[in-house]
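Q: Sequence unavailable; structure follows:
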């Protein structure tokens, strides 16, 4: 017993564990210092922006800061009848500060997002305040209610109250074509305004089919690469890698030249008599263009992991399968194919994740029916300047990718992935 | 039961990969049923190509291969019913031992219970019962090899091909596996075609050995005959150790010929020389030349000791004899009364019957 519990000492009498730690500390520090620049880089360029995106996407502090007193006095209000005189008074005092700072426009904009019709209401109140028409010694509630009939409508006050929390999930709901209604229930927007859900579905659909096409085309190529003699396989490898060395924009542009209605492919179809000259099919500015161009661009990401896995599969395994009586198909299906699954997993995951966030190619060749969610994100980043909405969609995309990764891990196991 | 002596038959088989060089030239080889035949030769001698042609992974450029009297050149590998053990075992890494063994049975649509019975039997044959659920990566090299052998035998093939199956094992394991494979062959009587470049392996295991060189079978005979009576200098050189003298025949009768060397003359057994003036290489096995022979021998020469190497059970002595400085003698450890010192001159004798006058190199 005692010998088991006794601490093991080194020759010099220092406990072995401490001595070992001491001996390895230097190496550990060295290893950490080597990865430190990358770690720092990742934190600055990845973790920090994502955190920033997240706060931006749920941030609703602007209006909270604009109407501090109003929200404070609204805490007691049950939200069923019109609010009390106190609420009206604090709203007026908040509003006056905003008018002084010329921020009432922003308030109107924000409130209008919550409920349509706020713009004119706020504008009217602004004019009254500017002309000092409202007497603070009298009943403020009565005076404000006279400014516009909507101030008498409890729904508008409810809308104001809904903006009180400093955080909001509105952007996420909006990305799903939903919103929080007056009763704090999540409902769908009217059918003619549901645009985002179509985009999400289309994005997933395009990413899925691009992955399938890449797999169907990449598998035989990778197999050929892995089995051809060196001098041919090197040439083929260069052909596979060549697109990597060409600018993405150039590749997409060349697809535009090929696929447009007066383009090379259509000309060829007309020459061989497949289609008539006045009835050229549209192969661009729709999903076809997106599929073709994205498949070509993402193909290397499928071929390379597959190739690296296939390279390690000994050709004698297929031979063994055949010599044991399996037809070539059985030998392939039972022996070769299962061994390539790690490569398939890696390739599909890589292509799918890249495809789901693809932007330039669908923007250029996709047209209206070929744009994806990332184009919508870019649109809100650049045109509407609704960054918080763009952030929300970006994070949803990231979340989706993580879910796929998690699913993959459950089904296949991430340890099985082989990227190179 | 009369055995088919032409169970496997190579008839005038040529094989070329590039249309310029023949790797197998005019191969004619009959293998009888139940035989253990080894194709032995240096690398690049065409032995593996022959095996691959028999398995169906290569097609003969010319000629035909018959299995049980029917030509098989147009039959794909999976329909030939030939078991094969590969150089690196080629066990399916994603299947358990059981699944590996069941593979050839499942593709033949054999019933489940029958499969289990056969797999059990095959595993106990290679003494690996209880290893069914292991993955190949969890087995040692020798165990993997045995699984590979069991897998090649489990579907009762008529012929089993083995392509240097023991090449990756260490020396002790290789030797014990040699005996094991030999015993399996003896027990089940399957026809085995074995390819190796290890002459020790070939001599231990085979009924007959085909020595390959340069795309041709140099000699096809039983192990003892191959060693004792090589028909040409390649075989003599390739199998076992060998002392050679190059010379010219100066006198020849039926049983004996006189060969003139650079220094001196010796008597030899005329194997492949026919007339006076023929160039020849005389080959003598080291153990056939004795020091201070007690019996009368018809070749008696004096040699100078150049080197003595202790080998435990025997001592190798390198002599300078008749101008050949690489003349090796094997002295058994029991004859310790001999005075083996560097520079000593000793008497060496051998029978002309054991000195085979073969083709010149």
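A: Perfect, thanks for sending it. Here the structure is a predicted model, which means the values were calculated and not measured. Residues are numbered from 1 along each chain as shown, chains lettered A, B, ... in the order given.

Q: residues in contact with the spatially most central residue of chain B?
A: Geometric centre of chain B, nearest residue: residue B:202, 3.4 Å, by CA atoms, centre = their mean. Contacts for residue B:202 (CB atoms under 8 Å, 6 or more residues apart in numbering or on different chains) come out as B:38, B:40, B:194, B:196, B:209, B:223. Every residue, glycine included, has its C-beta placed from N, CA and C.

Q: The last one touches residue B:209, doesn't it?
A: What it means is residue B:223. Yes - the criterion here is CB atoms under 8 Å, and residue B:223 meets it with residue B:209 at 5.9 Å.

Q: check which helix or strand covers residue B:318.
A: strand B:314-321 (DSSP states H and E).

Q: Show me what that strand is packed up against.
A: On a contact count with 3 or more CB pairs under 8 Å, 6 or more residues apart in numbering or on different chains; DSSP states H and E, strand B:314-321 meets strand B:299-310, strand B:324-332, strand B:345-350.

Q: what's the distance between residue A:39 and residue B:352?
A: 84 Å (CB to CB, to the nearest Å).

Q: Got phi/psi on residue B:254?
A: phi -70, psi -50 (degrees, to the nearest 10).

Q: and if you look at residue B:28?
A: phi -120, psi 120.

Q: And residue B:59, by the same measure?
A: phi -110, psi 140.

Q: Repeat that for the one 4 residues further on.
A: When read as degrees, to the nearest 10, the backbone of residue B:63 gives phi 90, psi -180.

Q: For the chain, give me the ranges with low pLDDT.
A: I went with chain A, as the question did not name one. For chain A, applying pLDDT under 70 flags the ranges A:1-6, A:182-183, A:414-420.

Q: switch to chain B, that's the one I care about
A: Scanning chain B for pLDDT under 70 picks out the ranges B:1-3, B:335-338.

Q: Domains in it, by residue range?
A: Domain ranges of chain B: B:8-233, B:241-358, per automatic domain parsing.

Q: Identify the residues contacting residue 297.
A: You didn't say which chain, so I picked chain A. A:243, A:248, A:251, A:252, A:361.

Q: not what I meant, chain B
A: Counting by CB under 8 Å, 6+ apart, residue B:297 has contacts B:290, B:349, B:350, B:351.

Q: how close does the first one sit to residue B:230?
A: It refers to residue B:290. The gap separating residue B:290 from residue B:230 is 21 Å, by CB to CB.

Q: between these two, who's got more neighbours?
A: When neighbours are counted by other CB atoms under 10 Å in any protein chain shown, residue B:230 comes out ahead of the other of residue B:290 and residue B:230, with 25 against 17.

Q: Pull the contacting residues for that one.
A: With CB under 8 Å, 6+ apart, residue B:230 has these contacts: B:219, B:236, B:239, B:283, B:356, B:358.

Q: change it to 7 Å
A: Applying CB atoms under 7 Å, 6 or more residues apart in numbering or on different chains, we find residue B:230 in contact with B:219, B:236, B:239, B:283, B:356.

Q: and what of residue B:159?
A: Listed by CB under 7 Å, 6+ apart, the contact partners of residue B:159 are B:8, B:82, B:191, B:193.

Q: again, only this time at 10 Å
A: Neighbour list for residue B:159: B:7-8, B:31, B:33, B:35, B:54-55, B:67-68, B:80-84, B:190-193 [criterion: CB atoms under 10 Å, 6 or more residues apart in numbering or on different chains].

Q: Phi first, then psi, for it.
A: Torsion angles, degrees, to the nearest 10, at residue B:159: phi -130, psi 140.

Q: Could you report the distance from it to residue B:81?
A: In terms of CB to CB, residue B:159 sits 8 Å off from residue B:81.

Q: what's the overlap in contacts for those two?
A: B:67, B:68.

Q: list the contacts for residue 246?
A: All of this refers to chain A. Residue A:246 makes contacts with A:254, A:297, as judged by CB under 10 Å, 6+ apart.

Q: looking at chain B here, not the other one
A: Contacts of residue B:246 by CB under 10 Å, 6+ apart are B:233, B:259, B:261, B:262, B:279, B:280, B:281, B:282, B:323, B:324, B:360, B:361.

Q: Which PyMOL command selects the buried ones in these?
A: The following PyMOL line selects those of these that are buried, judged by 16 or more other CB atoms under 10 Å in any protein chain shown:
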select buried, chain B and resi 233+259+280+281+282+324
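
Q: before we move on, back to that, can you put the contacts of residue B:230 in a markdown table and add secondary structure, distance to chain A and neighbour count?
A: What follows is the contacts of residue B:230, written out as a markdown table (DSSP: H, G, I helix; E, B strand; the rest coil; distance: CB to the nearest CB, whole Å; neighbours: other CB atoms under 10 Å in any protein chain shown):
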| residue | secondary structure | distance to chain A | neighbour count |
| --- | --- | --- | --- |
| B:219 | strand | 29 | 21 |
| B:236 | helix | 34 | 27 |
| B:239 | coil | 29 | 22 |
| B:283 | strand | 38 | 24 |
| B:356 | strand | 40 | 26 |
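
Q: Fine by me, thanks again.
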